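Q: the following comprises the amino acid sequence and a computationally predicted model.
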Amino acid sequence: MWTELADRLTAALSGVDPGSGTVVEFGAGTGLGTDVLLDTLYPAPLLVAEPSAHLRAVLLARLSDRHDTDRVTVFPCGATQLPLPERVAAAIGMHMIGHLAPAERRALFSALMPRLAPGAPVVFNVQPPGTAVEVPEFPPFGVTVGRLRYEGTGRAVPIGPDRLRWTMTYRTLDGDIEIARAVTEYDWWTVSASTLAAELTQAGAATVRIDDDLVIARAAVTEAHRREQI
Ligand SMILES: C[S@@+](CC[C@H](N)C(=O)[O-])C[C@H]1O[C@@H](n2cnc3c(N)ncnc32)[C@H](O)[C@@H]1O
């Protein structure tokens, strides 16, 4: 998933001036996107929101293997609790926008837009389903490490007009024997790329481009900034 996404995200970040402000990442998870930001936007500082203690532990372990850890600050909070920097060079949120209710989403966009450096991008992606329909359990995805196999699967039921409740099941298998099982539930607000684009425009984005599942909004480029670039 990330192999292809990393290239598309890098392309969406083209033209960012790493000296124009802080790069913000919402819901970094284990840090696959954080790596892209650190590698692409050197030497910009990063401000990251990651509410899950488990995923933060993996993220911090990943960061500790890098030489540029001092560029990243990880806050233990959700996107709407993150104290936004005064000037934002770029902001991203991958596979996470459905964790925000529509009002939270719009509040986040309104807080973000006035802080963007001229021409700075804001990149989110959307995931199917775009509407609240039942999702039957999908075939397990997994990985084998040593002699054990780790598998995950999930299913979702609608619990509102634009809201799903996902149930995820993670199993650890030793051959055919299940030796551990964890079940977790979370709610997810469905949103289409076009709705996200409209909300970002409403919040003040100068341009919004949809590239399949990616929604890329940009702040206006001022005349003064254009002159600086020449
Ligand atoms: C599917 S993971 C995606 C992680 C990472 N962005 C990636 O693409 O690999 C969703 C992430 O959103 C985080 N999350 C959950 N609620 C959130 C919220 N209110 N604000 C920001 N992130 C949230 C989860 O903890 C998790 O790290």
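A: It's in.
Q: which of the three states applies to the closest residue to Ala117 other than its chain neighbours?
A: In space, and not counting its chain neighbours, Ala117 is closest to Ser20: 3.7 Å by Cβ to Cβ, 6 or more residues apart in numbering. In this view, the C-beta of every residue, glycine as well, is placed from N, C-alpha and C. The three-state label given to Ser20 by DSSP: H, G, I helix; E, B strand; the rest coil is coil.
Q: enumerate the residues of the chain near the ligand.
A: Counting by Cβ under 6 Å from any ligand atom, the residues of the chain close to the ligand are 26-29, 32-33, 49-52, 55, 78-79, 94-96, 99-100.
Q: of the residues you listed, just the buried ones, ChimeraX syntax please.
A: Those of the residues of the chain next to the ligand that count as buried under 16 or more other Cβ atoms under 10 Å are selected in ChimeraX with:
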select :26,27,28,29,32,33,49,50,51,78,79,94,95,96,99,100
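Q: any low-confidence regions in the chain?
A: Along the chain, the parts satisfying pLDDT under 70 run over 224-226, 228-230.
Q: now the helices: where do they sit in it?
A: Under the criterion DSSP state H, helices of the chain are mapped to 2-12, 32-40, 53-64, 102-112, 193-203, 223-229.
Q: who's in contact with the first one?
A: Same thing as helix 2-12. For helix 2-12, contacts defined as Cβ atoms under 8 Å, 6 or more residues apart in numbering pick out 32-33, 36, 40, 92, 94, 121, 123, 125, 211, 214, 216.
Q: of those, keep whichever come out buried.
A: Neighbour-count burial (16+ other Cβ under 10 Å) applied to those gives 32-33, 36, 40, 92, 94, 121, 123, 125, 214, 216.
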